[in-house]
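K.L.:
fold the following.
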Amino acid sequence: FTVDDLLNMIGVEIAKVHLADIIHGDLTNSNMMLRKGSKIWSVPIYFGLAHHSTMVEDKAVGLYVLEHAFGSNVSRRRAAFQLSSAHTTNI
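P.N.:
Alright, predicted model coming up:
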């Protein structure tokens, strides 16, 4: 799979969490785990700072933090586009 596939998977999983109005509180690449079964998918882990919120702004902050967590490993612009595209498509 490609970096774009990975970013899409992460966006989809974050969308699922946000649909339940759960704010992760610490979305970084360190708090994502890849799981392999019949396919590979990403799983957000460590919800120690999580809270409940219906505010769109709270959900956007998580995506912003994750975008910056990727740093130089992935183009930030590319990461932001892929994450937000996958996220909004699945909400």
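
K.L.:
in the protein, which spans are helices?
P.N.:
For the chain, the helices defined by DSSP state H occupy 3-19, 56-69, 76-89.

K.L.:
please save the CA atoms from the longest one in CSV.
P.N.:
Yep, that's helix 3-19 we're talking about. C-alpha atoms of helix 3-19 as CSV (Å, rounded to 0.1, in the frame of the first residue of the first chain):
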residue,chain,number,x,y,z
VAL,A,3,1.4,6.7,1.7
ASP,A,4,-1.9,8.0,0.2
ASP,A,5,-3.6,4.7,1.2
LEU,A,6,-2.3,5.1,4.8
LEU,A,7,-3.4,8.7,5.1
ASN,A,8,-6.8,7.7,3.7
MET,A,9,-7.1,4.9,6.3
ILE,A,10,-6.2,7.2,9.1
GLY,A,11,-8.7,9.8,8.0
VAL,A,12,-11.5,7.2,7.8
GLU,A,13,-10.7,5.9,11.3
ILE,A,14,-10.6,9.4,12.8
ALA,A,15,-14.0,10.1,11.1
LYS,A,16,-15.4,7.1,12.9
VAL,A,17,-14.2,8.4,16.2
HIS,A,18,-15.5,11.9,15.5
LEU,A,19,-18.9,10.6,14.4
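
K.L.:
so which of the helices of the chain is nearest Ser42?
P.N.:
With CB to CB as the measure, helix 3-19 is the member of those nearest Ser42 (4.4 Å). C-beta: built from backbone N, CA, C; applies to glycine.

K.L.:
so what does the closest one touch, helix or strand wise?
P.N.:
For helix 3-19, the elements it packs on are strand 40-44, helix 56-69, helix 76-89, judged by 3 or more CB pairs under 8 Å, 6 or more residues apart in numbering; DSSP states H and E.

K.L.:
if you set the cut-off to 6 Å instead, what comes out?
P.N.:
For helix 3-19, the elements it packs on are strand 40-44, helix 76-89, judged by 3 or more CB pairs under 6 Å, 6 or more residues apart in numbering; DSSP states H and E.

K.L.:
out of these, which gets the lowest mean score?
P.N.:
Looking at the helices and strands packed on helix 3-19, the lowest mean pLDDT belongs to helix 76-89 (a mean of 68).
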